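Enquirer: my questions concern the predicted model and sequence given below.
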Amino acid sequence: MKKVIIVLAVVVLGYFVNSKFVELAYSLGFAELKKEAILINSEKMKVKCHSYALGWFDEIKLENKFQACINEHEANGYKIIESASS
């Protein structure tokens with residue numbers, strides 16, 4: 001019983017420390033960016049453009065690369081069927 005209480009206390013303490021660390025990191029500008037788009041052409045072939053970054057990054061540069069991927073495939077006849085970002 002004593003071991004169960006110790007394990008439970010360690011888990012709760014770990015969760016608390018992690019949540020405070022994440023909160024501090026985001027307040028200092030640490031961020032996560034995830035974007036994904038799925039495109040399809042008339043032959044039902046699918047391609048995926050994605051952009052992912054974790055930490056301190058140049059959001060404009062990542063957005064430009066992501067949009068360039070989409071533009072390149074749209075020029076080849078693909079259409080966006082699904083897009084997600086967070």
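Expert: Perfect, thanks for sending it. Numbers count the residues shown, from 1 in each chain.

Enquirer: residue boundaries of the strands in the chain?
Expert: Here the chain has its strands, by DSSP state E, at 31-40, 46-55, 79-85.

Enquirer: if you count neighbours, what's buried in the first one?
Expert: In this case it means strand 31-40. By 16 or more other CB atoms under 10 Å, the buried positions in strand 31-40 come out as 33, 35, 37, 39-40. Yep, even glycine has a C-beta here, placed from its N, CA and C like the rest.

Enquirer: same check on the second one?
Expert: Within strand 46-55, the residues scored as buried using 16+ other CB under 10 Å are 49, 51.

Enquirer: picking that back up, what's the closest of the buried residues of strand 31-40 to residue 59?
Expert: Closest approach to residue 59 among those (CB to CB): residue 33, at 6.3 Å.

Enquirer: my read is that that closest one contacts residue 56, right?
Expert: No - with contact defined as CB atoms under 8 Å, residue 33 does not reach residue 56; the gap is 11.0 Å.
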